[in-house]
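J.: fold the following and give me the result.
(chains A and B)
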Amino acid sequence: MKFNQISLGVAAALVMGATNAADTITVVSWGGAYTVSQVEAYHKPWMAKTGNSIISEDYNGGLSEVKAQVDAGNVKWDLVDVELSDAVRGCDEGLLETLDASVLPAGADGSAAADDFIDGALQDCAVASIVWSTIYAYDNTVIDGQPSTIGDFFDLEKYPGKRGLRKSPKANLEMALAADGVAAEEIYDVLSTPEGIDRAFAKLDTIKGETIFWEAGAQPPQLLADGEVVMTTAYNGRIFNAMAAEGKPFEVVWDAQVFDMDLWVIPKGAPNKEAAMDFLAFSTSTEQLAAQASWISYGPARKSSAPLVGHYDGKPELEMAPHMPTAPENFGTAIANDFEFWADNQDELNERFNAWLAS
Amino acid sequence: MSQTADKQPVLAADGTPLKQALDAALFRNRMRAFMLVLPLLLFLFVTFIIPIGIFLSFGIHDPVFSKFMPKTSAVLSDWDTTSEPTEDMYAALVADMVVARKDKTIGRAATRVNRELSGTRSLFTSSARKAAKLEAPFKESLVAVKKQWADPEVWKAMKVASRSWTLGYYANALDYKQVADGSFEPQPENRQIHVPLLVKTLWISLQVTLYCLILGYPIAYLMSNLPARTSNLLMILVLLPFWTSILVRTTAWIAMLQSQGVLNDLFVLFGVTDDDNRYSMIYNKLGTLIAMTHILLPFMVLPLYSVMRGIPPSYVRAAKSMGATNWTAFSRIYAPQTIPGIGAGAILVFIVAIGYYITPALVGGQDGQMISNVIAFHMKSSLNWSLAAALGGVLLVVVMTLYWIYDRVVGIDNMKLG
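T.: Model prediction:
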């Protein structure tokens, strides 16, 4: 993979007959189908356009590598794809470069970048590329009936069988409250009270004995495919990929989806900051974001990209739009992940969650 | 005689006193030996001792708050934690917030205080945005921005955070909490996780060690008593998994043990259980125990084997010729001679098991997690490296203590690795 891209980049540079020395930037992302979508939609066109080359590396999320590199004053990574909470925390901790959003190109429909990006997509140190979502999915060859609400996930009588949940309080507490009848816009108000937290844990208690906890995004589709669980929460793109590329009989339930963003950040002291910024601006343009959405079902972070989203690559019969978290029919009861709430409370809630797991 | 020896020391061939010449020769030898191990010593020092030392120091030294909020830290050190916060304290806080906001360091200070009191991170970052516009009296103007600033708990959290040298992280690693006046109190019950987890880690490691011994002892005995060709084959069977990646072996156990896995399929086939009641053998403590026992088995078999090879078969034969039963000959003659191997194998398995990370992470589910998984969480996700260092320090002390007890009870000289 790496060598491929380097040689591609070199080849591109030769073809262009670039006169100025080409830059090589290191772009770090989550691997798997997600990185493939970025390579196809961002890396290859950018290398062809500029003659620069890209080294693509995989990581497992979190800021520990960035922190280690910045603290040691030996930064190797130029651009990293992170979750919203990490983007905010990395900025707080002084690990990331502040980004100037004014260099981002205007949308294809002419609207200025600041208006074109969805709310929360432009942060002090980060620019969002996609909207992803935590949903729950089931195997329709195993389940009798058609689960359609978040309440069904917690209903062991109606749909008996093992459940899968992420081993983290994030998204679980929100979904538990939604299943307990709290409206999407009130979830974080309720969670901010001690009674609300107790209520969410009490709801999780009802399925705890039947639950398998997962950590990596690749696990839930595997658990479903192995028959280890009959329903599991998951990242929507992973389930889509199992459905589209591997033909698995999975169904996604969008009720009370918890949506979040992935953003580009530049570690403080990155070696090729200017080239990285150029790549960032290129990859978050309207066309590139729309192109990525034909590879994986994560929604583009620009409003102007939505009309350009087409078909799944190689399968003209598979429209991407209905599989996007942002599609209107999926978005009705969506819960926006509140990064301020999590930045404030994650230490306490993580401890509480771990104690709950062990009890 | 001794008098003459005192006056006229024995001389070496070149005329220097013999004692001196001998010392010089020994010194040269020692220097040569030292120079030979020097590269290794330097290597260990640079790659092992310094980094571990630096990292462990994070557990007691966290200067973030006092570095970025220096004026507040200075006034907090004089505060008695019970009286009402004064106008001076508010003024120092606002002055620090203005500077920290400009230097973009407010987030780091806020994150530090948030570890002591949840919810203070946004209190700091949002108030700092407005700090430059605030005017005296700062107490009223700051409370007007956010009413939590009147809450003495916020000030107490800052007081705790302002101590650069602190035992707070070690207290946290032991489920205690350092409060503002410097004393310690237990964490609320629903947040106590570290001590139970540490106990569980030790318990799992002990069980794994025991199972390895029960399974490994007969294999090692068989290998040491079979003809060379057969025992070599057995040896390869022991070593082959040893050379396979831990990740591969752990994943193979998932395929074996999961509810739709090989073993459960066989159980259903033979009518041990029916299709709806498959056993849960993975993603729980049982899965961790099975996978870890399998992975650590060679660490038990190899030292046992090398010790058993060295036991002459004639001893047991002699015992039997004098009328001992098979059991007496084993328990009184053979088994005591294998204790050095048992000791070496047990301590190897136990200490490796205590720090196990990847296997419990993959197959441990909710109740098969160990303390390393929490350390990894604080390293990778929460970025609370100080707490990770304190947890690691606690683990180090526990292992050292057990090693010391082992030395007192069994004796480390009794250990034989080969």
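
J.: tally of neighbours for the residue in the stretch 101-250 of chain B that chain A sits nearest to?
T.: Of the residues in the stretch 101-250 of chain B, the one nearest chain A is B:G107, at a distance of 2.4 Å by CB to the nearest CB. No exception for glycine: its C-beta is placed from N, CA and C like everyone else's. When neighbours are counted by other CB atoms under 10 Å in any protein chain shown, B:G107 registers 26.

J.: what of B:G411?
T.: Here the number of neighbours of B:G411 (other CB under 10 Å) works out to 12.

J.: how near is it to B:W404?
T.: From B:G411 over to B:W404 the distance is 12 Å, taken as CB to CB, to the nearest Å.

J.: swap in A:A113?
T.: On the measure of CB to CB, A:A113 and B:W404 end up 64 Å apart.

J.: remind me, longest helix of chain A?
T.: When chain A is parsed with DSSP state H, its longest helix is helix A:339-358.

J.: list the buried ones in it?
T.: Applying a neighbour-count criterion of 16 or more other CB atoms under 10 Å in any protein chain shown, one finds A:339, A:341-357 buried in helix A:339-358.

J.: keep only the residues you listed that also lie close to chain B.
T.: Restricting the buried residues of helix A:339-358 to those adjacent to chain B (criterion: CB under 8 Å from any CB of the partner chain) gives A:343-348, A:350-352, A:354-357.

J.: just to revisit the earlier point, how near is the residue of the stretch 101-250 of chain B closest to chain A to B:L142?
T.: The separation that B:G107 has from B:L142, given CB to CB, amounts to 19 Å.

J.: what's the per-residue pLDDT of the residue of the stretch 51-200 of chain A found nearest chain B here?
T.: Nearest residue of the stretch 51-200 of chain A to chain B: A:D92, at 2.4 Å (CB to the nearest CB). What the model reports as pLDDT for A:D92 is 82.

J.: near it, how many other residues are there?
T.: Residues within reach of A:D92, counting by other CB under 10 Å, total 24.

J.: what separates the residue nearest to it when sequence neighbours are not counted from B:V64, distance-wise?
T.: Closest residue to A:D92 in three dimensions, ignoring its sequence neighbours and counting by CB to CB, 6 or more residues apart in numbering or on different chains: B:G107, at 2.4 Å. Distance of B:G107 to B:V64, given as CB to CB: 10 Å.

J.: repeat for A:L289
T.: A:L289 is 37 Å from B:V64, where distance means CB to CB.

J.: for the ones next to chain B among the buried residues of helix A:339-358, which one is nearest B:E116?
T.: Distance to B:E116, by CB to CB, is smallest for A:D347 among these, at 9.3 Å.

J.: surely the closest one touches B:S381?
T.: No - A:D347 is beyond contact range of B:S381, at 10.7 Å (criterion: CB atoms under 8 Å).

J.: ok, back up a step: A:A113 and B:W404: which is more packed in?
T.: For the pair A:A113 and B:W404, the greater number of neighbours falls to A:A113 (22 against 11), based on other CB under 10 Å.

J.: A:M231 contacts A:F153, doesn't it?
T.: Yes - with contact defined as CB under 8 Å, A:M231 and A:F153 form a contacting pair (5.8 Å).

J.: which neighbours do those two have in common?
T.: Here A:M231 and A:F153 share the contacting residues A:136, A:147, A:163, scored by CB atoms under 8 Å, 6 or more residues apart in numbering or on different chains.

J.: could you pull up the residues touching the second one?
T.: Under the criterion of CB under 8 Å, 6+ apart, the contact list for A:P147 reads A:138, A:153, A:159, A:231, A:253.

J.: would you reformat these as TSV and include secondary structure and neighbour count?
T.: Compiled in TSV, the contacts of A:P147 are given as follows (DSSP: H, G, I helix; E, B strand; the rest coil; neighbours: other CB atoms under 10 Å in any protein chain shown):
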residue	secondary structure	neighbour count
A:Y138	strand	26
A:F153	helix	25
A:Y159	coil	19
A:M231	strand	27
A:V253	strand	20
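
J.: how about those, which pair is most distant?
T.: Among the contacts of A:P147, A:Y159 and A:V253 lie farthest apart (CB to CB), at 11.1 Å.

J.: that older thread, check the contacts of A:P147 against chain B, which are close?
T.: Residues shared between these and the neighbourhood of chain B: none [CB under 8 Å from any CB].

J.: and which of these is nearest to B:V154?
T.: Closest to B:V154 out of the contacts of A:P147 is A:F153 (38.3 Å), distances taken as CB to CB.

J.: quick one: pLDDT of that closest one?
T.: In this prediction, A:F153 carries a pLDDT score of 95.

J.: can you map out the strands along the stretch 51-200 of chain A?
T.: A:53-58, A:79-83, A:126-139, A:163-166 (DSSP state E, counting those that start in this stretch).

J.: okay, now A:P194: neighbour count?
T.: Under the criterion other CB under 10 Å, the count of neighbours that A:P194 has is 7.

J.: and it, how far from A:E348?
T.: Using CB to CB, which is the criterion applied here, A:P194 is 11 Å from A:E348.

J.: distance check, B:W385 against chain A.
T.: With the distance defined as CB to the nearest CB, to the nearest Å, B:W385 ends up 8 Å from chain A.

J.: tell me the bridge partners for the residue positioned nearest the centre of chain A.
T.: The C-alpha lying nearest the average C-alpha coordinate of chain A belongs to A:W132 (CA atoms, centre = their mean; 4.2 Å). Beta-bridge pairing of A:W132, defined through DSSP bridges, involves A:D260.

J.: does it touch A:G237 like I think?
T.: Yes - between A:W132 and A:G237 there is a contact at 6.0 Å, judged by CB under 8 Å.

J.: next secondary structure after the lowest-mean-pLDDT helix or strand in chain A?
T.: Every helix and strand of chain A was ranked by mean pLDDT, DSSP states H and E. The lowest is helix A:2-16, at a mean of 48. Next helix or strand after helix A:2-16 toward the C-terminus (DSSP states H and E): strand A:24-29.

J.: show me what the following helix or strand past that next one is packed against.
T.: For strand A:24-29, the following helix or strand on the C-terminal side (DSSP H and E) is helix A:32-38. Here helix A:32-38 touches strand A:24-29, strand A:53-58, helix A:236-246, going by 3 or more CB pairs under 8 Å, 6 or more residues apart in numbering or on different chains; DSSP states H and E.

J.: can you name the residues that contact residue 242?
T.: The chain I'm using is chain A. With contact taken as CB under 8 Å, 6+ apart, A:A242 is in contact with A:221, A:224-225, A:248, A:250.

J.: switch to chain B, that's the one I care about
T.: Listed by CB under 8 Å, 6+ apart, the contact partners of B:F242 are B:P298.

J.: mind exporting the C-alpha coordinates of stretch B:387-403 to PDB?
T.: C-alpha atoms of stretch B:387-403 as PDB (Å, rounded to 0.1, in the frame of the first residue of the first chain):
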ATOM      1  CA  LEU B 387      -2.600   8.200  36.200                       C
ATOM      2  CA  ALA B 388      -1.200   5.600  33.800                       C
ATOM      3  CA  ALA B 389       2.200   6.100  35.400                       C
ATOM      4  CA  ALA B 390       0.800   5.800  38.900                       C
ATOM      5  CA  LEU B 391      -1.100   2.600  37.900                       C
ATOM      6  CA  GLY B 392       2.100   1.200  36.400                       C
ATOM      7  CA  GLY B 393       4.000   2.200  39.500                       C
ATOM      8  CA  VAL B 394       1.600   0.400  41.700                       C
ATOM      9  CA  LEU B 395       1.900  -2.700  39.500                       C
ATOM     10  CA  LEU B 396       5.700  -2.500  39.700                       C
ATOM     11  CA  VAL B 397       5.600  -2.300  43.500                       C
ATOM     12  CA  VAL B 398       3.200  -5.300  43.700                       C
ATOM     13  CA  VAL B 399       5.400  -7.400  41.400                       C
ATOM     14  CA  MET B 400       8.500  -6.500  43.400                       C
ATOM     15  CA  THR B 401       6.800  -7.300  46.700                       C
ATOM     16  CA  LEU B 402       5.600 -10.700  45.400                       C
ATOM     17  CA  TYR B 403       9.100 -11.300  44.100                       C
END
